[in-house]
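**Student:** how does the following fold in three dimensions:
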Amino acid sequence: MNRPVEWASRLSSIRLPKSRPGETHSLSKTLRNQPPIPNTALQHIYTDARRLMKFTSLSSLLIAVVFLPQTWACDLCAISSPNSARGESKAGFLFSASELYTPYRTVQLDGEELTGSILNDVFLDSSITHLAPGYNFSRRFGVSVNVPVIHRRFERLELTPTGFVRERGAESGLGDVALVGRWTALQKSRMKQSISLNFLAGVKLPTGDSDRIRSEVKKAEIFRALIGGSSHQHEFGGVHEHDLSLGSGSFDPITGLSFQARWDRWLFNTLAQYYWRTEGESSFTFGDELMISGGPGAFVLLDPKYTLSLQANAAYETKARDHFLGSKSNNTGSTAWHFGPQLTLTLGQHFSANAGVDIPLRIDNNGLQNVPEYRIHGGITWSF
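**Tutor:** You can find the predicted model right below:
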């Protein structure tokens, strides 16, 4: 063993005695009872120790924010906001803001791309900004409010009793607000490793405008009364009115868990979430959703003032078919696999930012739907 390593090993083995009320201990006093270590070595060890302490602090922040859920149902971004800040390690306020942009410009019929038709002009570009203030009561308990601001630009085609109707426009406004709580069941942190396990639960509230759903159900009723048969025959094209709705009109429970681990410069994060859909506007019920995502990563830059990590993120998402007017819609529901990189930056003790891209590997959808070409996401977090 070389001498610097020997000195570092000796220093790391030192333990301060427990303090009684009103009594303090210092490292310098404890060192007096240890064999002498050269000043130059102590200086190097002190510098390295500060770097390691900074690394541990920043990595705790980074592991907490390195994963923002890239979910097809953007409301579910709410579930990660309590887990999106270093504030997990202390009580206090925190604030997160994130953006998710998804262009739905690929038309698929039963999982296969449909080309060379009038439906290729149909599209939906979705931009959702999430504002998530939160408060941690302690290291183990926290709560956050997720406020989505939605903008959707679209062109759609609809079959009516008199023929096809083409609509082009935009929908903007407040989405469904979600309240999410966090309980940290396990949290261990050391110089070279850390691990944490969080359980998440909450509810999505019907705060967003659901007029588009009401309109879709009403048109279906008229179509069925005039022509008969299925109430969903008017659904033509890959963008439907419920896709444009800012809210669902329902109270939906949200549950999930997150797991983060770090060893030296390596890290691993995963998040599982389940969305229970209840009956909403005009008896329309969205299908339940399950998301599981995460992957390995590493710190590529490490400095006492900042860190930068790169993560390989894989996502599995499945959504059941929607239900309204007494039957399930054959043009809803899907199972998808995504993969892409994510970068996370921390500055100091309070600020972090992340950005990533998700590329679809496979999307198996029911019926006729527009599916994502890709997803771009990013966010910032400030812990007060």
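
**Student:** what about residue 225, helix or strand, and which?
**Tutor:** helix 211-227 (DSSP states H and E).

**Student:** tell me the buried residues in that helix?
**Tutor:** For helix 211-227, the neighbour count (16 or more other C-beta atoms under 10 Å) marks 211-217, 219-220, 223-224 as buried. To be clear about C-beta, it is placed using only N, CA and C from the backbone, and glycine gets the same treatment.

**Student:** now do stretch 192-199
**Tutor:** 194-196, 198.

**Student:** likewise for stretch 161-170?
**Tutor:** Going through stretch 161-170 with 16+ other C-beta under 10 Å, nothing comes out buried.

**Student:** avg pLDDT for that stretch?
**Tutor:** The average pLDDT for stretch 161-170 rounds to 86.

**Student:** where are the low-confidence patches of the stretch 151-300 of the chain?
**Tutor:** 228-235 (pLDDT under 70).

**Student:** ok, 90 please
**Tutor:** 157-165, 188-194, 219-237, 264 (pLDDT under 90).

**Student:** can you pull out the strands in it?
**Tutor:** Using DSSP state E, counting those that start in this stretch, the strands of the stretch 151-300 of the chain run over 163-174, 178-189, 193-204, 252-263, 266-275, 289-303.

**Student:** for those, could you give me a markdown table that also reports distance to residue 351?
**Tutor:** Shown next, in a markdown table, are the strands of the stretch 151-300 of the chain (distance: least, C-beta to C-beta, whole Å):
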| stretch | distance to residue 351 |
| --- | --- |
| strand 163-174 | 27 |
| strand 178-189 | 20 |
| strand 193-204 | 20 |
| strand 252-263 | 19 |
| strand 266-275 | 19 |
| strand 289-303 | 14 |
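
**Student:** thinking again about what came up before, what's the helix holding residue 225 packed up against?
**Tutor:** Packing contacts for helix 211-227, counted by 3 or more C-beta pairs under 8 Å, 6 or more residues apart in numbering; DSSP states H and E, involve strand 141-160, helix 241-244, strand 323-324.

**Student:** turn those into JSON lines, columns for distance to residue 292.
**Tutor:** Putting the helices and strands packed on helix 211-227 into JSON lines (distance: least, C-beta to C-beta, whole Å) gives the following:
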{"stretch": "strand 141-160", "distance to residue 292": "20"}
{"stretch": "helix 241-244", "distance to residue 292": "23"}
{"stretch": "strand 323-324", "distance to residue 292": "24"}
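
**Student:** the ones you listed: which one's closest to residue 263?
**Tutor:** strand 141-160 (25.4 Å; C-beta to C-beta).

**Student:** quick one: buried residues of that closest one?
**Tutor:** 142-148, 150, 152-154, 156-158.

**Student:** and of these, the nearest to residue 240?
**Tutor:** For the buried residues of strand 141-160, the nearest to residue 240 is residue 156 (7.5 Å; C-beta to C-beta).

**Student:** how about the closest one, what does it touch?
**Tutor:** Applying C-beta atoms under 8 Å, 6 or more residues apart in numbering to residue 156 gives the contacts 122, 124, 166-168, 237, 239-241, 244.

**Student:** just give me the closest of those to residue 335.
**Tutor:** For the contacts of residue 156, the nearest to residue 335 is residue 240 (18.6 Å; C-beta to C-beta).

**Student:** residues near that closest one, how many?
**Tutor:** Residues within reach of residue 240, counting by other C-beta atoms under 10 Å, total 25.

**Student:** so it sits right up against residue 331, yeah?
**Tutor:** Yes - in terms of C-beta atoms under 8 Å, residue 240 counts as a neighbour of residue 331; the distance is 6.8 Å.

**Student:** if we can go back for a sec, quickly name whichever of the contacts of residue 156 is closest to residue 262.
**Tutor:** Once C-beta to C-beta is applied, the member of the contacts of residue 156 that ends up nearest residue 262 is residue 124, at 38.3 Å.

**Student:** three-state assignment of that closest one?
**Tutor:** Following DSSP: H, G, I helix; E, B strand; the rest coil, we place residue 124 in the strand state.

**Student:** then the one 5 residues further on?
**Tutor:** At residue 129 the chain is in strand, as set by three-state DSSP.

**Student:** contact partners for the nearest residue to it once chain neighbours are set aside?
**Tutor:** Closest residue to residue 129 apart from its sequence neighbours, by C-beta to C-beta, 6 or more residues apart in numbering: residue 149 at 4.5 Å. Contact partners of residue 149, counting by C-beta under 8 Å, 6+ apart, are 128-131, 173-175.
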